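Student: With the input below, show me the fold.
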Amino acid sequence: MALFLSSIFYIFSFLSVYVQVFFLITFLDNKKEITNRNGSTKLYKYPKVTIMVPAWNEENTIYKTVRSLLNLNYPKNKIQIFLIDDGSTDKTWDFMQKFSKFSNIKIFHKDNGGKHTALNVGLENLETDYVGCLDADSIADPESLVRIMSYFEKDSSVMAVSPSILVINSKNIIQHAQKAEYDMSIYVKKMLSFLGAIHVTPGPLTIFNRKVFDDLGPYRHAHNTEDMEIAYRMQKNNYKIKQCNDAYVYTNTPGTIKKLYKQRLRWIYGFINNTIDYRSMIFKKKYGNFSLFSLPFNIMSVVAVTFIFGKTVYSFGKFLFLKVLEFKDVGFNFNYNISHFDPFFINTQSLSFIGILLFLLIIFSIMIGKKMSEGKWNLSFNMILYILIFSIVGPFWLLKAIFNTILSRKPAWR
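Tutor: As a prediction, this is how the structure comes out:
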């Protein structure tokens, strides 16, 4: 039994390293296509775009969000902004009213029904060929929209383009850890973009060709992850999704373990259940790398983390049990033999070597993401915080998501 568990452990460790190496090779193959534009970006034509801002109890952030849209480097007569209050109980509606005099802003109010229903109000009133959403806790960089739209201008077959999302207002170690995570996410999503395997079109300023919704229908509840489900639906219909690495959107992140736990529980629960809903796509060649790589890799990650966490808990429990027996027999023993270290005798097939290699690949992934977003390579303590905090807390929200899925318990939005 021990041999079997160790074998599974090594397999998961090897696959984790394999995925990181695969991303690295993809990066090296496409490095020349990754650009970081400086200054203003210009288009040959400027299509009209509608940006929807759904909001529920966002009085603290909604004003800055809308101001960032008004400051976009894009012709003002080509941008339509929809502010949609989803039954807020705070002063969100009052802040929206401050923009009622702007000719390119329309304000809607509806009873609370969830983000997807607010977005669908926007789609029902849509008059432009392109549409996107900006979460009410995010701020768009002035060059973000024009750089996103350049992808549509370059390739008419592109149906959606997502930006790079960066963390703002990072004040504590929880948010610093997420900053490193978001840096790595830029790199990972760009590689998935090259592979045609993006599995989520995030709320902060992903722009769609309206053909997506005309052909495939509006947003769905999708286990409170409508931005993931629409990406799955697009992949099923072979609609091309790209990622624009130099279009930046800045977002607020949870500042406590409790808030982070709730957010990630919803995300993982959404991934598990959307994957169950679209399970017929897995390992189907006609759906490309999304079904052959992205979905299997994400499923493997869920299974691997669950297995490794369980094995770690079992091993630790066994260690404590043996120490209790030892204490009963001989009492405390503080004499430990430390072998002489010689790097020549390191076993390159050992789990420790695989673990160190995986650690270095993750650090390198974060560094590439920072290079893509900030234009510079550098190490930071945030990287260590990310690995430490997410390694400890991550398995708990993953196991809870699996538990909720089994018992059909839906996690709260906040």
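
Student: any idea of the mean pLDDT for the helix or strand containing residue 235?
Tutor: In this structure, residue 235 is located in helix 226-236 according to DSSP states H and E. For helix 226-236, mean pLDDT is 97.

Student: On the C-terminal side of it, identify the next helix or strand.
Tutor: Next element after helix 226-236 (DSSP H and E): strand 240-251.

Student: Quick check: what element follows that following strand along the chain?
Tutor: Moving toward the C-terminus from strand 240-251, the next helix or strand (DSSP H and E) is helix 257-277.

Student: can you state the direction angle for that following helix and helix 226-236?
Tutor: Calculated by axes from the mean of the first three to the mean of the last three CA atoms, to 10 degrees, helix 257-277 forms an angle of 30 degrees with helix 226-236.

Student: the longest helix in the chain is where?
Tutor: Criterion DSSP state H: the longest helix present in the chain is helix 295-330.

Student: For residue 327, which residues are in contact?
Tutor: Contacts here follow CB atoms under 8 Å, 6 or more residues apart in numbering; on that basis residue 327 touches nothing. All C-beta atoms are positioned from the backbone trio N, CA, C, and that covers glycine.

Student: looking at this structure, which helix or strand is least sure?
Tutor: helix 295-330 (a mean of 80; mean pLDDT, DSSP states H and E).

Student: so which strand or helix has the spatially most central residue of the chain?
Tutor: Nearest to the geometric centre of the chain sits residue 185, at 6.2 Å (CA atoms, centre = their mean). Per DSSP H and E, residue 185 falls inside helix 173-195.

Student: Pull up the gap between the residue nearest to the centre of the chain and residue 412, please.
Tutor: 24 Å (CB to CB, to the nearest Å).

Student: Next: residue 398.
Tutor: Residue 398 is 17 Å from residue 412, by CB to CB.

Student: now residue 229
Tutor: Residue 229 sits 18 Å away from residue 412, going by CB to CB.

Student: For these two, indicate the residue with more neighbours.
Tutor: The neighbour count for residue 229 versus residue 412, taken as other CB atoms under 10 Å, is higher for residue 229 (23 against 8).

Student: got a pLDDT number for residue 353?
Tutor: Reported pLDDT for residue 353: 71.

Student: Can you tell me the SS state at it?
Tutor: helix (DSSP: H, G, I helix; E, B strand; the rest coil).

Student: What count of nearby residues applies to it?
Tutor: For residue 353, the count of nearby residues is 13 (other CB under 10 Å).

Student: got it, and residue 363?
Tutor: When neighbours are defined as other CB under 10 Å, residue 363 has 17 of them.

Student: OK, contacts around the nearest residue to it once chain neighbours are set aside?
Tutor: Spatial nearest neighbour of residue 363, chain neighbours left out: residue 383 (5.5 Å); criterion: CB to CB, 6 or more residues apart in numbering. Residues near residue 383 by CB under 8 Å, 6+ apart: 180, 363, 366-367.

Student: of all those residues, which comes closest to residue 203?
Tutor: Closest to residue 203 out of the contacts of residue 383 is residue 180 (21.1 Å), distances taken as CB to CB.

Student: Could you verify my assumption that that closest one touches residue 366?
Tutor: Yes. Using CB atoms under 8 Å as the test, residue 180 is close enough to residue 366 to be in contact (5.2 Å).

Student: any weak-confidence spans in this structure?
Tutor: In the predicted model of the chain, residues 1-3, 5, 329-352, 414 satisfy pLDDT under 70.

Student: Do a quick rundown of the helices in it.
Tutor: Using DSSP H, helices in the chain cover 2-30, 62-70, 92-97, 115-124, 144-154, 173-195, 211-216, 226-236, 257-277, 289, 295-330, 351-374, 381-407.

Student: list the helices and strands the second one packs on?
Tutor: Right, helix 62-70. On a contact count with 3 or more CB pairs under 8 Å, 6 or more residues apart in numbering; DSSP states H and E, helix 62-70 meets strand 49-55, strand 79-86, helix 92-97, strand 138-140.

Student: One more: the fifth one?
Tutor: With contacts defined as 3+ CB pairs under 8 Å, 6+ apart, the packing partners of helix 144-154 are strand 49-55, strand 130-133, strand 158-167, strand 207-209, strand 240-251.

Student: hmm, who's touching it?
Tutor: So helix 144-154 is contacted by 37, 40-47, 49, 51, 72-74, 79, 130, 132, 158, 161, 163, 205, 207, 209, 242, 244, 246-249 (CB under 8 Å, 6+ apart).

Student: Could you spell out which stretches of the protein belong to which domain?
Tutor: Per automatic domain parsing, the domain ranges recorded for the chain read 1-33+141-328+349-414, 47-140.

Student: quick one on the thing from earlier: do you know which of the helices and strands packed on helix 62-70 lies nearest residue 355?
Tutor: Closest approach to residue 355 among these is made by strand 138-140 (35.4 Å; CB to CB).

Student: Sheet partners, orientation included, of that closest one?
Tutor: Looking at strand 138-140 with DSSP bridges, its partner strands are strand 240-251 (antiparallel).

Student: where's residue 307 relative to residue 398, distance?
Tutor: 11 Å.

Student: likewise residue 207?
Tutor: Using CB to CB, we find residue 207 at a distance of 31 Å from residue 398.

Student: Verify the contact between residue 282 and residue 294 for me.
Tutor: No. Assessed by CB under 8 Å, residue 282 is found out of contact with residue 294, at 10.0 Å.

Student: out of those two, which sits in the busier spot?
Tutor: Taking other CB under 10 Å, residue 282 and residue 294 do not tie; residue 294 has more neighbours (21 against 14).

Student: For the nearest residue to the more buried one once chain neighbours are set aside, the count of nearby residues, please.
Tutor: Counting by CB to CB, 6+ apart, residue 294 lies nearest to residue 197, which is 3.8 Å off, once chain neighbours are set aside. The tally of other residues near residue 197 (other CB under 10 Å) stands at 21.

Student: Also the one 4 residues further on?
Tutor: Close neighbours of residue 201, defined as other CB under 10 Å, add up to 25.

Student: so what's it up against?
Tutor: Listed by CB under 8 Å, 6+ apart, the contact partners of residue 201 are 160, 162, 208, 227-228, 230-231, 234, 241.

Student: how much space is there between it and residue 215?
Tutor: 15 Å.

Student: swap in residue 282?
Tutor: Residue 282 sits 23 Å away from residue 215, going by CB to CB.
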